[in-house]
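[1] Next one to model:
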Amino acid sequence: MRNRLRLLCALVLLGFAELAAAQAFPNKVIRLIVPWPPGGGIDIVARTIFQELPERIGQQVIVDNRAGANGFIGTTAVAKSDPDGYTLLFADVGTISISPAMRKDTPYDSIKDFEPVSQVVSSPFALVVHPAVPAKTLQELVAYAKSRPGKLTYGSFGNGSIAHLSGAMLQAVVPGGLDILHIPYKGAPPAITDLLAGQIDMIFLTVSSAAPHIEAGRMRGIAVTTLKRSPVLPNLPAINEVYPGFEVNSWYGVLAPAGTPKDIVARLHKEIVAVVQMPKVQQALTARGFTPEGTRPDQFAAMIKQDVAQWAKVVHAAKLEDTGK
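    Residues are numbered from 1 along each chain as shown. Alright, predicted model coming up:
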């Protein structure tokens, strides 16, 4: 009986301690790890949002760029951090959803090792073609490609990149398949350069990258990859309108280590979403082609599970496992 009372008292005290810790949160510096170098899109979005957070929470937030190993170094560091809310990950679709499908040696479990806080932005891609390609709609492009099997080319930012997998997904959803040749590049700039020069026929680009070229007539927009049309390119239909269920959504979001107390996750979510909803932050994000989100933790968790499953199917169908090594 005494042992049971001691156990009960210990559990009660533990509960009070966790509650007190959650109520006191935060009482020291929060470190946001960005697993990519400074200056890139993910880094800019992270700093746009988190520079506004200290005023709301009364504590400093340090953005810590830990690049390397295709995002694995920074992502793994957060997965192994103490689950106290003071070390967070600014995650992206590549490290969380695509890499685990591409590589069997991924050093973390995207679902088990993290506590989703909020998806903060999404970034649709646009399928664009060189003006020499006569197709003006997705249906026309598919028909044109089918009439020239193996002749049309699409570029990407590298094997396993979201631009590569977008093309693989399009090939899979077209009835009877689509025989187009993938040309991988070392990053987006050389791929864009070759499309502009007519060396390749098409590519999937972020809407923010594609929009200026479309407006200048250097590229022709065909469709966007999200379920709905993009406000940046509102005249372009969604591929989903022709092939229902097609969705490629590049996103950034905040994750905490698994086991982070729910009250702390809820506090982080509340404050991060409040920042995302600030007019000046929304304006800064949309100007760069991002769609502000601010989803609940449960919504973000469900999206990650769906995303991981979707990309695993795409990678397996295209026989791309382990090409990220």
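[2] Quick one: the helices in the stretch 201-325 of the chain, in order.
    Secondary structure of the stretch 201-325 of the chain (DSSP state H, counting those that start in this stretch): helices located at 207-215, 262-276, 279-287, 297-317.
[3] In CSV: the ones you listed, plus mean neighbour count and distance to Phe25.
    No exception for glycine: its C-beta is placed from N, CA and C like everyone else's. Listed next are those as CSV, based on neighbours: other CB atoms under 10 Å; distance: least, CB to CB, whole Å:
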stretch, mean neighbour count, distance to Phe25
helix 207-215, 19, 35
helix 262-276, 18, 5
helix 279-287, 14, 23
helix 297-317, 17, 16
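[4] nearest to Tyr108, of those?
    helix 297-317 (12.1 Å; CB to CB).
[5] outside of the closest one, which residues touch it?
    If you take CB atoms under 8 Å, 6 or more residues apart in numbering as the criterion, helix 297-317 is touched by 93, 96-98, 100-102, 110-111, 115-119, 160, 165, 168-169, 172, 247, 249, 251, 253, 265-266, 269, 295, 321.
[6] at 6 Å what do you get?
    By CB atoms under 6 Å, 6 or more residues apart in numbering, the list of residues contacting helix 297-317 from outside reads 97-98, 101-102, 110, 116-119, 165, 168-169, 172, 253, 265, 269.
[7] Which one (most neighbours) among these?
    The residue in those with the most neighbours, by other CB atoms under 10 Å, is Val117 (30 neighbours).
[8] Wait, it touches Ala266, no?
    No: no contact is recorded between Val117 and Ala266 when judged using CB atoms under 6 Å, the distance being 9.1 Å.
[9] So which of the contacts of helix 297-317 belong to helices?
    Assigned to helices by DSSP state H, the following of the contacts of helix 297-317 qualify: 101-102, 165, 168-169, 172, 265, 269.
[10] Can you list the low-confidence ranges for the protein?
    Low-confidence segments of the chain, defined by pLDDT under 70: 1-23, 323-325.
[11] Report the residue ranges of every domain in it.
    Residue ranges for the domains of the chain, per automatic domain parsing: 2-123+250-317, 124-241.
[12] what pairs with the closest residue to Arg229 other than its chain neighbours across the strands?
    Among residues not flanking Arg229 along the chain, Ala238 sits closest, at 5.7 Å (CB to CB, 6 or more residues apart in numbering). With DSSP bridges as the criterion, Ala238 is bridged to Val224.
[13] and Ala238, how many neighbours?
    Neighbours of Ala238 (other CB under 10 Å): 20.
[14] mind checking how far it is from Pro244?
    Distance, Ala238 to Pro244, using CB to CB, to the nearest Å: 10 Å.
[15] Quick check: the residue nearest to Arg229 touching Gly221?
    No: between Ala238 and Gly221 there is no contact, the gap being 11.9 Å when judged by CB under 6 Å.
[16] hey, C-alpha coordinates of stretch 198-218 in PDB?
    The C-alpha trace of stretch 198-218 is given here as PDB (Å, rounded to 0.1, in the frame of the first residue of the first chain):
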ATOM      1  CA  GLY A 198      15.700  25.800 -75.500                       C
ATOM      2  CA  GLN A 199      18.000  22.900 -74.500                       C
ATOM      3  CA  ILE A 200      15.200  21.200 -72.600                       C
ATOM      4  CA  ASP A 201      11.400  21.300 -73.200                       C
ATOM      5  CA  MET A 202       9.900  21.700 -69.800                       C
ATOM      6  CA  ILE A 203      10.500  21.900 -66.100                       C
ATOM      7  CA  PHE A 204       8.600  22.100 -62.800                       C
ATOM      8  CA  LEU A 205       9.600  25.400 -61.000                       C
ATOM      9  CA  THR A 206       8.300  27.200 -57.900                       C
ATOM     10  CA  VAL A 207       5.700  29.700 -58.900                       C
ATOM     11  CA  SER A 208       7.900  32.500 -57.600                       C
ATOM     12  CA  SER A 209      10.700  31.500 -59.900                       C
ATOM     13  CA  ALA A 210       8.400  30.800 -62.900                       C
ATOM     14  CA  ALA A 211       6.200  33.900 -62.700                       C
ATOM     15  CA  PRO A 212       8.700  36.600 -64.000                       C
ATOM     16  CA  HIS A 213       9.700  34.400 -66.900                       C
ATOM     17  CA  ILE A 214       6.100  33.600 -67.800                       C
ATOM     18  CA  GLU A 215       5.200  37.300 -67.700                       C
ATOM     19  CA  ALA A 216       8.200  38.200 -69.900                       C
ATOM     20  CA  GLY A 217       7.200  35.500 -72.400                       C
ATOM     21  CA  ARG A 218      10.400  33.500 -71.900                       C
END
